[in-house]
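> Build me a model:
(one chain, ligands or ions: 1)
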Amino acid sequence: MTAYKLILLPTEPQCPPLDCAQLASELQAMQLIREPLALDNGVFYPTGKHFLQHISFLGCSPSIELEPPSDPAELPADSAAGSFCHVFLHSSTSLCLRADKQCPAPRCPQCRQPFSGWRTVFSTFQQNPTLTDWNCSGCGFNGQLTDLSFRKAAGIGHTFIEIRGIYPSEAVPTDALLKRLQRLSGGPWRTIYIRE
Ligand SMILES: [Zn+2]
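Got it, this is the predicted structure:
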């Protein structure tokens, strides 16, 4: 099962991992999230009272489900499908790629040829995140995986704020939220929209 997700991450992939407990308490203080609830082997954060003040939905008022299902038995499937808005915090000492299932191949910055084997190269990279070199088969350009541009369909980093249940470009973080995150990490943040 896949879910639509809005993910916030530091723009700079090498930004050191943030402490999830610190991130959670910051987002709780803003009432973007509430206290965590158990799910599978971890936790998720239900949306807080001021969620819609920090994440702006665009266009005509969509029907957004902000509450978890009342029947706990439905929770695992509803979470996996993203049928209500809820938040996960991920932080890892290893670099991770989060990409849409249909993410187009990134292009070589020198010759613009699509990097067709990128999924294979990235799966090797996920096994060993120190292997960040890649070579363009078209022009021989040698670059870093972390420098590739995926626009808003993928992102590489250590820390991810994942909000499930948001369609591509349906909502955006407010400037105030981005500024607050920037103060926490010491650098700017970006938004990606993926289905995974
Ligand atoms: Zn090239």
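> just checking, what packs against the helix or strand encompassing Val121?
Under the assignment given by DSSP states H and E, the secondary-structure element containing Val121 is helix 118-127. Other helices and strands packing on helix 118-127, by 3 or more Cβ pairs under 8 Å, 6 or more residues apart in numbering; DSSP states H and E, are strand 86-99. Placement of C-beta: from N, CA and C, glycine included.
> mind listing what's buried in the strand it packs on?
With burial defined by 16 or more other Cβ atoms under 10 Å, the residues of strand 86-99 counted as buried are 86-91, 95-99.
> That one pairs with which strands, parallel or anti?
When pairs are called by DSSP bridges, strand 86-99 turns out to pair with strand 42-46 (antiparallel), strand 154-164 (antiparallel).
> For the buried residues of strand 86-99, work out which two are farthest apart.
Comparing all pairs in these by Cβ to Cβ, the longest separation belongs to His86 and Leu95, at 25.2 Å.
> in this structure, which spans are helices?
Secondary structure of the chain (DSSP state H): helices located at 20-29, 51-54, 75-81, 118-127, 175-185.
> The ion is nearest to which of those helices?
The stretch from the helices of the chain with the least distance to the ion (Cβ to the ion) is helix 118-127; that distance is 12.6 Å.
> tell me the mean pLDDT over that closest one?
Mean pLDDT, taken over the full extent of helix 118-127, equals 92.
> how about it: buried residues?
Neighbour-count burial for helix 118-127 flags 118, 121-122, 125 (criterion: 16+ other Cβ under 10 Å).
> now that helix against strand 86-99, angle please.
Orientation of helix 118-127 against strand 86-99 (axes from the mean of the first three to the mean of the last three Cα atoms, to 10 degrees) gives an angle of 120 degrees.
> Name the residues that touch helix 118-127?
Residues outside helix 118-127 that contact it (Cβ atoms under 8 Å, 6 or more residues apart in numbering) are 95-97, 99, 105-106, 115, 131-132, 134, 145, 148.
> re earlier: just flag whichever of the helices of the chain has the lowest average confidence.
The weakest mean pLDDT among these belongs to helix 118-127, with a mean of 92.
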